[in-house]
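Engineer: Okay, structure incoming, though there's no sequence with it:
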């Protein structure tokens, strides 16, 4: 696994965050961290999509994405590309080194 793709779609306090090419351990770690850090309700699909409902005080999508960036950086990945539209962002990470 040399790269990761994160698709993030958001409306209000609801977020759908899909992780492509993410190993199971890191997927489980991110799920737990989202729940703990945001006091969020997280539902996981088999395909790797997290449906995240956040308390409205921390619903801003950039807060979630900056935290995901931090967690992936800790796991040995760096951000290579960020694409954006009105209600959808995607981030591409690559393994460091």
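Structural biologist: Good, I have the coordinates. Computed from a predicted model, the values in this text were never measured in an experiment.
Engineer: alpha carbons only for contacts and neighbour counts from here, please
Structural biologist: OK.
Engineer: what's around residue 8, how many residues?
Structural biologist: With neighbours defined by other C-alpha atoms under 10 Å, the count for residue 8 comes to 22.
Engineer: Okay, buried residues for the helix or strand harbouring it please.
Structural biologist: Using DSSP states H and E, residue 8 maps to strand 3-11. Using 16 or more other C-alpha atoms under 10 Å as the test for burial, strand 3-11 gives 3, 4, 5, 6, 7, 8, 9, 10.
Engineer: So which helix or strand of this protein has the lowest pLDDT on average?
Structural biologist: Ranked by mean pLDDT, DSSP states H and E, the helix or strand of the chain with the weakest confidence is strand 49-53, at a mean of 73.
Engineer: if we can go back for a sec, could you export the buried residues of strand 3-11 to CSV, including columns for pLDDT and distance to residue 95?
Structural biologist: Shown next, in CSV, are the buried residues of strand 3-11 (pLDDT from 0 to 100; distance: C-alpha to C-alpha, whole Å):
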residue, pLDDT, distance to residue 95
3, 72, 6
4, 77, 8
5, 77, 12
6, 81, 14
7, 79, 18
8, 77, 20
9, 77, 24
10, 72, 26
